[in-house]
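*Asks:* Predicted structure and sequence below. I'll ask about it afterward.
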Amino acid sequence: MNPSHSEKFVSAFWFILTLVFAAIVFFPYYWMFASSVETESMFAWPPHLIPSGFTLESYWTIFEERAIGRWFINTVIVAGSTSVFSTVIAINAAYALSRFKTKTTSIFTILILFSQLLPAALIVVPLFVIFQQLGLYNSLFGLAIADTAFILPVAIWLLKGFFDQIPVELEQQAMIDGCTQLGAFYRVVLPLALPGLVVVVAMSFISGWDEFFLARTLIASQDNWVLSVGLTSFRGEYTLDWSHMMAAAVIFTIPALIFFLFVQRYLVAGLSAGAVKG
């Protein structure tokens with residue numbers, strides 16, 4: 001059955017509207033890249049939507065004058081560690097809340113969610129004091145622990161939803177066939193909860209990659225800075241080095257964008273599966 005003219009018009013309208021919104025969303029990224037390779041000032045009037053010249057001088061300069069490579073490695077370490085810590089802890093906590101239900105389980109679950117409502121600014125001072133006493137201040141490991149603490153409640157809730165959808169009978173059947181409960185968990189439950197694990201890994205990694213507030217508070221030396229903090233070093237007392245800052249922002253954005261593109265389909269599938277009650 002051929003679509004009518006009205007249906008074609010509606011489809012064309014939504015297609016054009018989607019393109020407009022996509023252009024609005026992606027234009028800041030394009031402008032960021034164009035400004036980093038532009039040979040003239042980005043404040044020229046009228047503005048150059050297409051760079052009048054192309055140069056990579058800003059990229060060479062920031063690598064020569066600033067520790068961009070070091071900050072990049074620090075960011076990878078913190079984001080990767082945050083992802084691993086959050087996933088491992090969330091798996092155990094979410095499985096316990098999903099399978100071993102007691103009178104206090106629901107209260108504990110609510111308290112985990114309530115902890116997510118507390119702003120970082122409220123606890124950053126006691127966190128700063130504790131980290132100094134434990135020797136974790138100005139440490140990438142300590143920063144990863146702090147980032148994990150803030151993303152963990154959401155990770156636990158997400159995984160608990162996935163574990164709740166997996167029938168307990170599958171584990172019982174595996175144990176009848178000779179598996180221990182731990183073996184049934186690793187051989188049956190975890191493979192079925194793989195979309196949820198991908199969601200938690202991706203969410204934790206991106207959260208650790210983008211985080212600024214804790215990184216600025218808990219890291220003192222420039223050698224241990226992450227990229228989100230390093231970007232602020234391009235701001236002077238009276239000036240802002242726009243071209244160099246835009247080049248650093250491109251370097252900061254590309255790895256997270258590539259990572260997101262690789263896990264996108266798993267991320268969408270995982271969020272969709274987690275939203276459906278089995």
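*Replies:* Perfect, I can see it now.
*Asks:* Assumed A146 was part of a strand.
*Replies:* No. Looking at A146 with DSSP: H, G, I helix; E, B strand; the rest coil, it is helix, so not inside a strand.
*Asks:* Against Q116, how distant is it?
*Replies:* Using CB to CB, to the nearest Å, we find A146 at a distance of 15 Å from Q116. Every residue, glycine included, has its C-beta placed from N, CA and C.
*Asks:* Which one of these two is surrounded by more residues?
*Replies:* A146 (27 against 13; other CB atoms under 10 Å).
*Asks:* And the helices in the stretch 1-150 of the chain, which stretches?
*Replies:* Under the criterion DSSP state H, counting those that start in this stretch, the stretch 1-150 of the chain contains helices at 5-37, 57-65, 68-99, 105-115, 120-134, 140-165.
*Asks:* helices or strands up against the first one?
*Replies:* Helices and strands in packing contact with helix 5-37 are listed as helix 57-65, helix 242-274; criterion 3 or more CB pairs under 8 Å, 6 or more residues apart in numbering; DSSP states H and E.
*Asks:* List the contacts of the first one.
*Replies:* In this structure, residues lying in contact with helix 57-65 by CB atoms under 8 Å, 6 or more residues apart in numbering are 36-37, 68-69, 243-244, 246-248, 251.
*Asks:* just curious, which of the residues you listed is nearest to K101?
*Replies:* The closest of these to K101 turns out to be I251 (CB to CB; 47.4 Å).
*Asks:* How many neighbouring residues does the closest one have?
*Replies:* 20.
*Asks:* for G178, same thing?
*Replies:* G178 has 8 nearby residues by other CB under 10 Å.
*Asks:* Surely it is within a helix?
*Replies:* No. Assessed with three-state DSSP, G178 is coil; it does not lie in a helix.
*Asks:* related to what we said a few turns ago, what's the closest of the contacts of helix 57-65 to P167?
*Replies:* Nearest member of the contacts of helix 57-65 to P167, counting by CB to CB, is I251, at 46.4 Å.
*Asks:* quick one: what helix or strand has the residue nearest the centre of the chain in it?
*Replies:* Centroid-nearest residue in the chain, with CA atoms, centre = their mean: I206, separated by 1.6 Å. Per DSSP states H and E, I206 falls inside helix 194-210.
*Asks:* What average pLDDT does that helix get?
*Replies:* Mean pLDDT, helix 194-210: 87.
*Asks:* list the buried ones in the following helix or strand past that helix?
*Replies:* Using DSSP H and E, the helix or strand that directly follows helix 194-210 along the chain is helix 213-218. Judged by neighbour count (16 or more other CB atoms under 10 Å), helix 213-218 contains these buried residues: 214-215, 217-218.
*Asks:* Show residues contacting helix 213-218.
*Replies:* Taking CB under 8 Å, 6+ apart as the rule, helix 213-218 contacts 78, 120-121, 124, 127-128, 131, 136-139, 142-143, 146-147, 150, 225-226, 228-229, 232.
*Asks:* rewinding a little: which one of the helices of the stretch 1-150 of the chain is the most hemmed in?
*Replies:* Comparing those by mean neighbour count (mean count of other CB atoms under 10 Å), helix 140-165 ranks first with a mean of 21.
*Asks:* Which strands and helices lie in contact with that helix?
*Replies:* Packed next to helix 140-165, using 3+ CB pairs under 8 Å, 6+ apart, are helix 68-99, helix 105-115, helix 120-134, helix 194-210, helix 213-218, helix 242-274.
*Asks:* for this protein, what helix or strand is lowest in average pLDDT?
*Replies:* helix 242-274 (a mean of 74; mean pLDDT, DSSP states H and E).
*Asks:* how about the nearest residue to A34, chain neighbours excluded?
*Replies:* Distances taken as CB to CB, 6 or more residues apart in numbering place P51 nearest to A34, at 5.2 Å, with adjacent residues excluded.
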